[in-house]
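> missing the sequence, but the structure's below:
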């Protein structure tokens, strides 16, 4: 999408063809800095430190990481080492494993001399597929927004979103934001309440930045606020992304998503999850008990980073010295609270039958691999 | 309660009898600074800037504020001016109005010469009543904690609380924290998950500070985390305070309380609200539609203040330049989500009948005044 009028993607092959480029998302919204990643280790570090984050983008970045590893050393040992290192960066997102396995499957039976080039081709395809998928998600989600606009007197649709499932979390368009960008660009009056999304503030720092740069009307709210807004009829639809969706439609997403789903359910507000099909994990049924939930460092909760009045970057501690903190990265929203899944193949119920039927090809393949 | 071993209260008459003393809560948890307030204007400013906050404490502080006004000028005009100024500081808490009316009723028919002394006596009584009320709330709530401890194998009770309904929000003990302090001091193994409570972080800054200073085991969590913990069976009981409770038991409390009540309800976790009876507003039935919700400044959401690594105070901006924010101070939890109200007269259902019966004296008086 656009940054001050210039179209941008969240990941790209550098012009010299020897590295990938990314936007350092840890410096947003205050500084727009791009980074060049030339080795698998650099990619792994960028994922671990969340310079790149968002389930789909992590997958694509990791795929490029395998290419960079194979370019240096195309042996099986090198492939396995890079696979393990990259897979270990983030335990919750399933796209990461899916993307890595896709590259491994592509290259493992090839002669060593051909492996790097094949990995690059596959990683580039994954990036383009991600853009195409999100464009489809956008078109399907757009219809939901247009339907709401048509029945409201003022035609203005208020969306609430949590975390960043925007173009910064993917290659372009985003998942939850694709319908919003299409509505806005197509002349529908749309306004987004953006949960700040503690502890890392990806909503305030990334989603709000995306909307500010593209020109989409939005309001940043504390994570505590969404329930109140829904009680007052100020939210027409909730659209969030997902880090992993189970075969029965349980949705693992950024911590706090479950609370918004409860509030939507309690107030009759439709709650949609936008996801590309690689986010579906057909090996897992019970999302609540089977998806591992990443625990992250205490400093993300104990401190907040931002820009001082005179433009410096600073990190401030907000808890008392010595008070313990807990930092769970994700929670799981049970399928019963999800109005529908916005996928690249249409809007479907969050049910085992609908998922298996819509993605019969992926569900089947997975089941075979798993058995 | 104790601060590094020394018993403290949140408000007191200064030794010279000419002013009140408070703890500047905007500097916690990093600096413990007390302030001397010698005029009604200083008290109003301290309430407005939230150097003193918490529904019960605001009421007591405002009562002392009327004393300070009458000491300077005991005329009806002075009394009315101070009443209006103090009442306008915070629109949501009902205790403020209740405390101010209590002082006005006490002094208005007295000769001017006697008014200041009578106001001081009434304000001091209010402070002592608050301590006595919270001690009773503590004893009633303690039984709930003891019951849970008795049926758990490890005997350890995990409480979750939101915002600060601690001794800093009252004169002493706190409301939601009184049962916790009594359990801890009495040898029950109790641990509290403390919601950080954005945007002002009163949980992380005040409740965690209280527990750290008194020695109560606790863990600070982002506001997004409570639902996940409840899904995993990691919370035995939720206890929060209230800024206003309607005649039918709807609970107005710090923004985000409603989301925790929904999560508690969805996971079968008991959700209790601890409140002194002055928090009940018998003039209001439908909390959702009748309680005014304070909207506060954008800077509370857009920026975060804390301590830098080298010990300086600093404020950092966390949203993009120019992104609008919304800052609603409170939300309303419908009575249907409340397991019970912990009052100074016992634990009662959040129902019109139970409230009217338990507080027949206050309900009756209110109804008469209102008619």
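Cool, the structure landed. Quick caveat: nothing in here was measured; it's all calculated off a predicted structure.

> how would you label residue A:273: helix, strand or coil?
Of the three states, residue A:273 takes strand under DSSP: H, G, I helix; E, B strand; the rest coil.

> Report how many residues lie close to it.
Neighbourhood size, residue A:273 [other Cβ atoms under 10 Å in any protein chain shown]: 29. For the C-beta atoms, the positions are set from N, CA and C on the backbone; glycine is no exception.

> Give me every residue in the stretch 51-200 of chain A lying close to chain B.
Proximity of the stretch 51-200 of chain A to chain B, by Cβ under 8 Å from any Cβ of the partner chain, involves residues A:193, A:194, A:196, A:197, A:198, A:199.

> Show me the longest helix that occurs in chain A.
When chain A is parsed with DSSP state H, its longest helix is helix A:112-151.

> now for the helix or strand just after that helix, which elements pack on it?
Scanning forward in sequence from helix A:112-151 by DSSP states H and E, the next helix or strand is strand A:157-161. Contact analysis of strand A:157-161 by 3 or more Cβ pairs under 8 Å, 6 or more residues apart in numbering or on different chains; DSSP states H and E lists helix A:112-151, helix A:178-185, strand A:190-195, helix A:226-231, strand A:237-240 as its packing neighbours.

> Next, the angle from the longest helix of chain A to strand A:190-195.
What separates the directions of helix A:112-151 and strand A:190-195 is an angle of 120 degrees, with axes from the mean of the first three to the mean of the last three Cα atoms, to 10 degrees.

> List the buried residues of helix A:112-151.
For helix A:112-151, burial by neighbour count (16 or more other Cβ atoms under 10 Å in any protein chain shown) applies to A:115-116, A:118-120, A:122-123, A:126-127, A:129-131, A:133-134, A:136-138, A:140-142, A:144-146, A:148-149.

> same thing with stretch A:78-85?
Under 16+ other Cβ under 10 Å, the buried positions of stretch A:78-85 are A:78, A:79, A:82, A:83, A:85.

> same check, this time on stretch A:182-197
In stretch A:182-197, counting by 16+ other Cβ under 10 Å, buried: A:182-185, A:188, A:190-197.

> Including pLDDT, could the residues you listed go into a markdown table?
Output for the buried residues of stretch A:182-197, formatted as a markdown table (pLDDT from 0 to 100):
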| residue | pLDDT |
| --- | --- |
| A:182 | 98 |
| A:183 | 98 |
| A:184 | 98 |
| A:185 | 97 |
| A:188 | 98 |
| A:190 | 98 |
| A:191 | 98 |
| A:192 | 98 |
| A:193 | 98 |
| A:194 | 98 |
| A:195 | 98 |
| A:196 | 98 |
| A:197 | 98 |
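
> What score does residue A:91 have for pLDDT?
Note on residue A:91: pLDDT of 80.

> now swap in residue A:368 and tell me
At residue A:368, pLDDT is 38.

> And residue A:78, by the same measure?
98.

> Just list the residues touching residue A:345, thanks.
A:136, A:277, A:358, A:359 (Cβ atoms under 8 Å, 6 or more residues apart in numbering or on different chains).

> if I look at it, how far off is residue B:104?
According to Cβ to Cβ, to the nearest Å, residue A:345 and residue B:104 sit 68 Å apart.

> What of residue A:320?
39 Å.

> what about those two, which has more around it?
Comparing residue A:320 with residue B:104 by other Cβ under 10 Å, the one with more neighbours is residue A:320, at 23 against 17.

> That one contacts residue B:210, doesn't it?
No - using Cβ atoms under 8 Å, residue A:320 is not in contact with residue B:210, being 9.2 Å away.

> just to revisit the earlier point, would you turn the helices and strands packed on strand A:157-161 into JSON lines with distance to residue B:91?
Converted to JSON lines, those look like this (distance: least, Cβ to Cβ, whole Å):
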{"stretch": "helix A:112-151", "distance to residue B:91": "33"}
{"stretch": "helix A:178-185", "distance to residue B:91": "34"}
{"stretch": "strand A:190-195", "distance to residue B:91": "23"}
{"stretch": "helix A:226-231", "distance to residue B:91": "15"}
{"stretch": "strand A:237-240", "distance to residue B:91": "29"}
